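Engineer: Structure here, sequence nowhere to be found:
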């Protein structure tokens, strides 16, 4: 579920009683994105009109609606946002870069024409950022301006950003299957990988036919994205075989992508696979696998956590999960026989914490019952 953000919505309107006079009303709404924010504001606008039962009609001037996300240290008014957008024509690339980043954060579509003008910039990195910014703003009316920029000789970095932006802006009725199929066959791996993410995000039909051949792709990220996209749509045994090959590959990037899949998809045996990879020599793979393992919110991981805990932060993460699970965690801990002295010590520390937690939250009688369980197990 997307996290709610705070948006300001300004709706300009006219009234049939005085059609030449212009009005506007401002709303502050919580929403997951700007489109939802607009819908909420429009509902409030319409409910107010219905409540007042006026004899005249209010008409929204949709082309002048302003929506932006309220954020600390960012422009809070249309005037200040327009001043920020005016910097897009600066000859200083750093100023243009910072303006684009800020406009992407606040999601105001009023600057779209100025951003689109940057498609002709000589610096492909700024072109890519302009496309990315329009994708983040999320105004579907910019879809075709972005899509039409995709040509055979377009810079690969720019192509990759186009594919991602298209996936963010496309509406259900937009026909983009052919466009994304073309992107799947690009020479640049970034474009192919982004196309797979787009196909998954848009939940396009017949994805298995499109993506299965790409399990043999030489790029690690492409393979990982295919497994993630198809896990609930195709033969999982085939996908699992490819994932295991990646996890044992001599190429560290293949292993890193296997960890990415294991972190994002609940596959059979992922706890065991992550535990093995948490002992990898390569520091980045090892760290990513450990983080993925400690992120899983299941007591099935408890024995594995206890065997690999190496610092106070990891212990605190496990302790928080154990305390939340209460009796279920207690029973798991009482049945734990660690392979190392440190794992047994951590298990004992968790049992001590559980006892104190029970005493504090449930009283001494329940604490005594917990203590008896532990003593009986030790005897």
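Structural biologist: Cool, the structure landed. From a predicted model like this one, the values you see are computed outputs, not experimental measurements.
Engineer: Buried residues in the one helix or strand residue 39 maps to, which are they?
Structural biologist: In this structure, residue 39 sits in helix 34-52 according to DSSP states H and E. Buried residues in helix 34-52, defined by neighbour count with 16 or more other C-beta atoms under 10 Å: 34, 36, 37, 38, 40, 41, 42, 45. Using the backbone N, CA and C atoms, a C-beta is placed for each residue, glycine as well.
Engineer: That one - contacts with which helices or strands?
Structural biologist: In terms of contacts (3 or more C-beta pairs under 8 Å, 6 or more residues apart in numbering; DSSP states H and E), helix 34-52 is packed against strand 5-15, strand 18-31, strand 58-60, strand 66-69.
Engineer: Can you flag the weakest of the ones you listed by average pLDDT?
Structural biologist: Note on these: lowest mean pLDDT is at strand 58-60, with a mean of 87.
Engineer: and the longest helix for this structure?
Structural biologist: helix 341-362 (DSSP state H).
Engineer: which residue ranges form the helices in the stretch 101-250 of the chain?
Structural biologist: Listed in chain order, the helices of the stretch 101-250 of the chain (DSSP state H, counting those that start in this stretch) span 112-117, 124-137, 143-147, 156-169, 177-184, 189-202, 207-211, 220-230, 236-247.
Engineer: Tell me which of those lies nearest to residue 97.
Structural biologist: Among those, helix 124-137 comes nearest to residue 97, with 6.5 Å by C-beta to C-beta.
Engineer: How about residues contacting that closest one?
Structural biologist: Applying C-beta atoms under 8 Å, 6 or more residues apart in numbering, the contact partners of helix 124-137 are 34, 93, 96-97, 100-101, 103-105, 107-109, 112, 115-116, 118-119, 121, 142, 145-146, 149, 155, 157-158, 160-162, 164-169.
Engineer: how far does stretch 242-257 stretch from start to finish?
Structural biologist: Across stretch 242-257, the terminal residues are separated by 12 Å (C-alpha to C-alpha, to the nearest Å).
Engineer: May I see the buried residues of that stretch?
Structural biologist: So, applying 16+ other C-beta under 10 Å, buried residues of stretch 242-257: 242, 243, 246, 247, 253, 254, 255, 256, 257.
Engineer: what is the mean pLDDT for it?
Structural biologist: Per-residue pLDDT over stretch 242-257 has a mean of 94.
Engineer: can you list the weak-confidence ranges in this structure?
Structural biologist: Residues of the chain that meet the criterion pLDDT under 70 lie in 1-2, 49-55, 358-379.
Engineer: at 50 what do you get?
Structural biologist: Residues of the chain that meet the criterion pLDDT under 50 lie in 1, 379.
Engineer: Residue 119: what's it in contact with?
Structural biologist: The contact partners of residue 119, taken as C-beta under 8 Å, 6+ apart, are 127, 130, 131, 145, 149.
Engineer: Can you tell me how far it is from residue 196?
Structural biologist: Using C-beta to C-beta, to the nearest Å, residue 119 is found at 25 Å from residue 196.
Engineer: likewise residue 346?
Structural biologist: The gap separating residue 346 from residue 196 is 40 Å, by C-beta to C-beta.
Engineer: can you check residue 243 too?
Structural biologist: Using C-beta to C-beta, one obtains 15 Å as the distance from residue 243 to residue 196.
Engineer: between the buried residues of stretch 242-257, which is nearest residue 23?
Structural biologist: For those, the nearest to residue 23 is residue 257 (54.5 Å; C-beta to C-beta).
Engineer: in a strand, that's where the closest one is, yeah?
Structural biologist: No - read with DSSP: H, G, I helix; E, B strand; the rest coil, residue 257 is helix and lies in no strand.
Engineer: Is residue 271 in contact with residue 293, as I believe?
Structural biologist: Yes - between residue 271 and residue 293 there is a contact under C-beta atoms under 8 Å: 7.1 Å.
Engineer: what's the next secondary structure element after the host helix or strand of residue 315?
Structural biologist: Using DSSP H and E, residue 315 sits within helix 312-325. Of the helices and strands lying after helix 312-325 in sequence (DSSP H and E), the nearest is helix 327-334.
Engineer: From the contact counts, what lies against that next one?
Structural biologist: helix 302-308, helix 312-325, helix 341-362, helix 364-378.
Engineer: Once you drop chain neighbours, what's closest to residue 164?
Structural biologist: Of all residues beyond its chain neighbours, the one nearest residue 164 is residue 194 (5.1 Å), with distances taken as C-beta to C-beta, 6 or more residues apart in numbering.
Engineer: just to revisit the earlier point, pull out the buried residues from the helix holding residue 315.
Structural biologist: So for helix 312-325, counting by 16+ other C-beta under 10 Å, buried means 314, 315, 318, 319, 321, 322, 323, 325.
Engineer: And residue 195, how close does it get to residue 181?
Structural biologist: With distances taken as C-beta to C-beta, residue 195 is found 8 Å from residue 181.
Engineer: repeat for residue 321
Structural biologist: 43 Å.
Engineer: and if you look at residue 222?
Structural biologist: From residue 222 across to residue 181, the span is 15 Å (C-beta to C-beta).
Engineer: Likewise for residue 220?
Structural biologist: From residue 220 across to residue 181, the span is 22 Å (C-beta to C-beta).
Engineer: The two: who's more crowded?
Structural biologist: Set residue 220 next to residue 181 and count neighbours by other C-beta atoms under 10 Å: residue 220 wins out with 21 against 13.
Engineer: Report the contact partners of that one.
Structural biologist: 246, 251, 253, 254, 256, 257.
Engineer: one step back: ok now the longest helix of the chain, how far from the chain's centre?
Structural biologist: In terms of C-alpha atoms, centre = their mean, to the nearest Å, the centre of helix 341-362 is set 35 Å apart from its chain centre.
Engineer: Which residues belonging to it are considered buried?
Structural biologist: In helix 341-362, counting by 16+ other C-beta under 10 Å, buried: 343, 346, 347, 350, 351, 354, 355, 357, 358, 359.
Engineer: what does stretch 118-128 give?
Structural biologist: Residues of stretch 118-128 classed as buried by neighbour count (16+ other C-beta under 10 Å): 118, 119, 121, 126, 127, 128.
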